[in-house]
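Asker: Generate coordinates for the sequence data below:
(chains A and B)
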Amino acid sequence: MTLDSWKQLLKRAIKNHGIDDTDSPIETLVEATAKLRQADWYNHADTDTEQLPKPSITKPL
Amino acid sequence: MSKPLPNCSIVEISALIKSQSVKVIDVVEQCLTKISNLNDSLNAFIAISANSAREAAIFFDSEIADGKYRGPLHGIPISVKDIINVAGTATTAASHVRTTTPSITDAPLITRLRSAGAIIIGKCNMHEFAFGTTGEDSAFGPTRNPHDLERSPGGSSGGSAVSVATGMAYASIGTDTGGSIRIPAAACGVVGLKPSFGEIPCEGIIPLSPSLDHGGPITRTVTDALLLYRCLSENLDGNAPSASASIRPEVQLGIPKAYFLEHLDTDVRRAFDDTLGRLTTAGCHLREVDIPHADLIPATYLHIILPEAYAYHAQTLQECPNKYTKGVRTRLAMGQYILAEDYVRAQHGKKVLRHEVDTALTHCDALVLPTLPIPAPQFGRDEVSLGDKVDLVRSAMLRLTQLFNLTGHPVLSIPCGQSLNSLPVGLQLVGVRNRTDELLQLAAALESHIVGNRQTNVVQ
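Answerer: So this is what the prediction gives:
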C-alpha cells in the first residue's frame, strides 16, 4: 500500500472511531512511517541473529 | 531508640533496623504520615495499604526480636505502580476500563520483594495503561511534581517517582516501555533503573508492548537500586551492597553525539556538560561514539509499540472506547492500522539498532547521555520548543530513552543537577547487555561525581 493511500485510510479510520483533533499525532505517525520505509538498513551487515531476506522492492512503496 | 531518619536511603535505614535502633513499625508510620500529609496535593497514590503495612511491620519487628533478619529489605516500605498485581488490591492501571476486583495473587516480582521482607505500602498513580509520559491522563487525576505542582512528574511511573522523592516510600517498583521509569526519575530528582530486557519477570503486570516492557526500581541512591535489582532478579545474598566503591582506573565513557545532543534545553545542556566535567576531573575518559541509525529510533519505536499495545486492548477498545482517556485511546486506535510490512521493517530496525549500541559499547564501560532533553514540562502543553525544533511533548520526552527499550540494554537515570528554576535534570548511564549488576557497580562509584552538590526542594 502506498504511503498516501495508507494515510487516507488511517485518517478515515480514526475519524470513524469518533476521535477528534488527531491531525498532529496522525501526521507524526505518517512522517515516521515514511522515514521507516526509506531506511537503508537492509543494505547493512546484519546483527548476531539470522539475516532477513532483502525485499524485492528496494525503493519506498 | 532513635526515630527513623527522614528521607534516608534503604542502606541507611536497614542498618538501623538490623541493629534494632529503630522499629519497623516506626519506619512504616513515618511513611504513612508523609502520605497523609502530601497525597492530597501530589496525588501519587491510588490506594494506600495502611492496615496490611502495619500488620506486616509488627510481624517483621517480631522476627527481628526473635533473631531472624531477612536482609537489607527487611521491613522496608515500598510502593508499587498500579499496573502490577498485588494480592488484595485492584490493579487499575489508572483507567476506568479496569474493574476494581482485587487481585488474588502477587506478581512474581512482588513475591520476591515480600520474601526479602519488603512491605507494600500502596499502589501508585500513573499515566493510563503506562501509555504516556506526563501522568496527565489518569482516571484518578494527574500526579503532580513535588518540585513544582504545576508541572508533570514525568511518566508513566509518575506516582512511583513522587513517592520516593518525598519520603512516602523508600523505593518504588515501576515499569518502563519507552522510558517510564527513567523519565519520572529524572523529572523528580531520583534514581531509576531499567534493567536488561527479560531479567525481571513481567508476569502479573498489565502489558503495554511485550517486546519492549521492563520492570525495575525507583530509589534515592544507586546502591539502593542495586539492592532492589538483586532482589528482583533473585540475586540477593542477604548483605547490603557497599556504597563506598571507588572508581577504577581508565573508566571509558562513550558520549553519543548528533541525534542525542542536538536538541537539548539550555539548562539540560549546561547540567550535562558540567557533569561530564566532573567525571573527567574524577579520572574518567570520555570518547565520542556513533549510533549510525539514531534518527530512525522514533519511527522504529512507534511501529512496534502501537500495534503491540493495540493487540492487548482490541476487545475493550471496541466494547468501551469512551472509558479510555482521549490521548491513550487515540494512540491505541492508530495501532490498529499499522501495516504488517511496517511492523516487520521496525523489527529489523530493532536488531540493527541493538547491534549499533553493542558496537558503541565495545570500547566503553558505559554510554552517557541526558535522560530528558527538557526539564519537567508544565501541564497542558502539547508542544515544546528546543532551539529551532518544535516537537510534541511526548516525542521530546521519549527521544533519549526509547532506544534502550528497543535494544534491551540496561540503563540507569541518576540526578545530575538542576535547571535555573530548580527543576531536576537526569543523566543516563547505559551498560552492556545482561551486565546490569556491573553497570550498577560502576554507577555507584561514579554517583557522587554525577550528582554533584545535590539540592532537594520538594514539598514537605
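Asker: Please count neighbours and contacts with C-alpha atoms only from this point.
Answerer: OK.
Asker: Let's see the pLDDT reported for the residue in the stretch 151-300 of chain B that chain A sits nearest to.
Answerer: Residue of the stretch 151-300 of chain B nearest chain A, by Cα to the nearest Cα: B:Ala299 (4.5 Å). B:Ala299 carries a pLDDT value of 97.
Asker: For the host helix or strand of it, what is the distance to the chain centroid?
Answerer: If you go by DSSP states H and E, B:Ala299 is part of helix B:297-319. Here the centre of helix B:297-319 is set off from its chain's centre by 22 Å, with Cα atoms, centre = their mean, to the nearest Å.
Asker: Can you point out the buried residues in it?
Answerer: Of the residues in helix B:297-319, those with enough neighbours to count as buried (16 or more other Cα atoms under 10 Å in any protein chain shown) are B:297-310, B:312-314, B:317.
Asker: On the three-state scheme, B:Gln20 is what?
Answerer: At B:Gln20, secondary structure determined by DSSP: H, G, I helix; E, B strand; the rest coil is coil.
Asker: Residues of the stretch 351-460 of chain B that sit close to chain A?
Answerer: B:351-352, B:355 (Cα under 8 Å from any Cα of the partner chain).
Asker: Quickly note the distance from the most centrally placed residue in chain B to B:Gln336.
Answerer: Nearest to the mean C-alpha position of chain B, counting by Cα atoms, centre = their mean, stands B:Ile181 at 2.0 Å. Note on B:Ile181: its distance to B:Gln336, by Cα to Cα, to the nearest Å, is 26 Å.
Asker: what's the answer for B:Leu226, then?
Answerer: Applying Cα to Cα to B:Leu226 and B:Gln336 gives a distance of 39 Å.
Asker: Between those two, tell me which one has more neighbours.
Answerer: Remark: of B:Leu226 and B:Gln336, B:Leu226 carries more neighbours, 27 against 19, as counted by other Cα atoms under 10 Å in any protein chain shown.
Asker: Listing request: residues of the chain with sub-threshold pLDDT.
Answerer: Using chain A here. When the per-residue scores of chain A are filtered using pLDDT under 70, the ranges that remain are A:42-61.
Asker: try again with chain B
Answerer: Scanning chain B for pLDDT under 70 picks out the ranges B:1-6, B:236-247, B:249, B:454-456, B:460.
Asker: And the helices in the stretch 201-350 of chain B, which stretches?
Answerer: Taking DSSP state H, counting those that start in this stretch to define them, one finds helices in the stretch 201-350 of chain B at B:222-232, B:266-281, B:297-319, B:326-335, B:340-360.
Asker: Pick the most buried one from those helices.
Answerer: Ranked by mean neighbour count, those are led by helix B:222-232 with a mean of 25 (mean count of other Cα atoms under 10 Å in any protein chain shown).
Asker: List the contacts of B:Ser385.
Answerer: B:Asp391 (Cα atoms under 8 Å, 6 or more residues apart in numbering or on different chains).
Asker: Using PDB, write out every CA atom in stretch B:347-362.
Answerer: Once non-C-alpha atoms are left out, stretch B:347-362 reads as follows in PDB (Å, rounded to 0.1, in the frame of the first residue of the first chain):
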ATOM      1  CA  GLN B 347      11.600  -5.300  14.000                       C
ATOM      2  CA  HIS B 348      14.500  -5.400  11.600                       C
ATOM      3  CA  GLY B 349      15.400  -1.900  12.700                       C
ATOM      4  CA  LYS B 350      15.300  -3.000  16.300                       C
ATOM      5  CA  LYS B 351      18.100  -5.600  15.500                       C
ATOM      6  CA  VAL B 352      20.200  -3.100  13.700                       C
ATOM      7  CA  LEU B 353      20.000  -0.500  16.500                       C
ATOM      8  CA  ARG B 354      20.800  -3.200  19.100                       C
ATOM      9  CA  HIS B 355      23.900  -4.100  17.100                       C
ATOM     10  CA  GLU B 356      24.900  -0.400  16.800                       C
ATOM     11  CA  VAL B 357      24.600   0.100  20.600                       C
ATOM     12  CA  ASP B 358      26.600  -3.100  21.200                       C
ATOM     13  CA  THR B 359      29.300  -1.800  18.900                       C
ATOM     14  CA  ALA B 360      29.300   1.700  20.600                       C
ATOM     15  CA  LEU B 361      29.900  -0.100  23.900                       C
ATOM     16  CA  THR B 362      32.800  -2.300  22.500                       C
END
